[in-house]
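Participant: here are the coordinates; sequence isn't available:
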């Protein structure tokens, strides 16, 4: 556009010191170097990228439904026991108070009864009773079971995982304040199986001119000068036994980034917002309706679904989205 003489393009080009967007074209030597690095990676026993991805864990999603159900029942049982204990203690106190007031009005009491009646209220006796002790022990056992199940069944679930990154990148500043589209940096979110990590040259599209003196930006320059990748720590990681296609959800399914990644535009440091467990995925497939408008592939399927499930929406599950082979191929 600059070469064609477009006024706006020329103005922008001159306004930014005639800075051109870096070319993604690579020389033959660079391509050979990249292929050599790929071939050498297995022999090296895993490079820096493999090591940085390790803290994210395997994310063992199987059994997540059992974990959540067990936790819900135990929490409910614990609440019921606590409420019963409180009600019993309050009831005993009320009964004791009513009986005491009634007997004080009755003048025909022996000396021994008068002494018992005038004794000070001792809550210690109530707490030492077998009923109260039994309930307290039951509450303790249920609470211990709840904590144990949460720990055991939560192994591999990395929700809220928030590692420290090699460069302090703020999604709040870039995606939130400056409204930079996710697709600008993560270029494969709508067309690839994985959402790629941005390369350093994408950062340089802006930071070759903006905040070039920042200590964090200088780290990018150092990585480029040494021809080494920035060792970002992977946060979202699914186990190898699970198949997940990013573009299938974002492009075909039309799912927004925030559905899985949470309010990413407000995060100074990114963390794993969703549990990414099998139960969490299956619930989404059961609840998310499919957009079948204008797609002849779904016509017969929708008719069959409406005949068998009148009034219920045609969800991902209706199209086989909860079959084992969909994710575990």
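Facilitator: Structure's in. What do you need? What you see is a predicted model, and the numbers here were worked out from it, not measured in a lab.
Participant: Go ahead and list the helix or strand containing residue 279.
Facilitator: Assigned by DSSP states H and E, residue 279 falls within helix 278-287.
Participant: just checking, what packs against that helix?
Facilitator: Applying 3 or more C-beta pairs under 8 Å, 6 or more residues apart in numbering; DSSP states H and E, one finds that helix 278-287 makes contact with helix 64-105. Where you see a C-beta, it was placed from the backbone N, CA and C, and this is true even at glycine.
Participant: Mind doing that once more with 10 Å?
Facilitator: Where contact means 3 or more C-beta pairs under 10 Å, 6 or more residues apart in numbering; DSSP states H and E, helix 278-287 is packed against helix 64-105, helix 257-261, helix 324-327.
Participant: who touches the second one?
Facilitator: Contact with helix 257-261 is made by 171, 175, 181-183, 186, 189, 195, 235-236, 246, 249-250, 253, 263-267, 270-274, 276, 280-281, 284, 288, as judged by C-beta atoms under 10 Å, 6 or more residues apart in numbering.
Participant: make it 7 Å
Facilitator: 182, 264, 273-274 (C-beta atoms under 7 Å, 6 or more residues apart in numbering).
Participant: That one: how far from the chain's middle?
Facilitator: In terms of C-alpha atoms, centre = their mean, to the nearest Å, the centre of helix 257-261 is set 9 Å apart from its chain centre.
Participant: Would you mark the buried spots in that helix?
Facilitator: The neighbour-count check on helix 257-261 (16 or more other C-beta atoms under 10 Å) flags 257, 260-261 as buried.
Participant: now swap in the shortest one and tell me
Facilitator: By neighbour count, and taking 16+ other C-beta under 10 Å as the criterion, the buried residues in helix 324-327 are residue 327.
Participant: Use 508 as the first number from now on
Facilitator: Sure, I'll start counting at 508 from here, so that last one is helix 831-834.
Participant: mean confidence score for that helix?
Facilitator: On average, the pLDDT along helix 831-834 is 90.
Participant: Likewise for the longest one?
Facilitator: Along helix 571-612, the predicted confidence averages to a pLDDT of 72.
Participant: in this structure, which residue is closest to the centre?
Facilitator: The centroid of the chain falls nearest to residue 781 when counting by C-alpha atoms, centre = their mean (1.9 Å).
Participant: That one and residue 663: what is the separation?
Facilitator: Taking C-beta to C-beta, to the nearest Å as the measure, residue 781 falls 14 Å from residue 663.
Participant: With residue 729 instead?
Facilitator: Applying C-beta to C-beta, the value for residue 729 to residue 663 is 35 Å.
Participant: Which of the two has more residues huddled nearby?
Facilitator: residue 663 (15 against 12; other C-beta atoms under 10 Å).
Participant: Helix or strand: which one has the more buried one?
Facilitator: Judged by DSSP H and E, residue 663 forms part of no helix or strand.
Participant: Next one: it from residue 747, what distance?
Facilitator: With C-beta to C-beta as the criterion, residue 663 and residue 747 are 13 Å apart.
Participant: about what we covered before: kindly reformat the contacts of helix 764-768 as CSV containing secondary structure, distance to residue 640 and pLDDT.
Facilitator: Shown next, in CSV, are these (DSSP: H, G, I helix; E, B strand; the rest coil; distance: C-beta to C-beta, whole Å; pLDDT from 0 to 100):
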residue, secondary structure, distance to residue 640, pLDDT
689, helix, 58, 91
771, helix, 50, 94
780, coil, 43, 95
781, coil, 42, 94
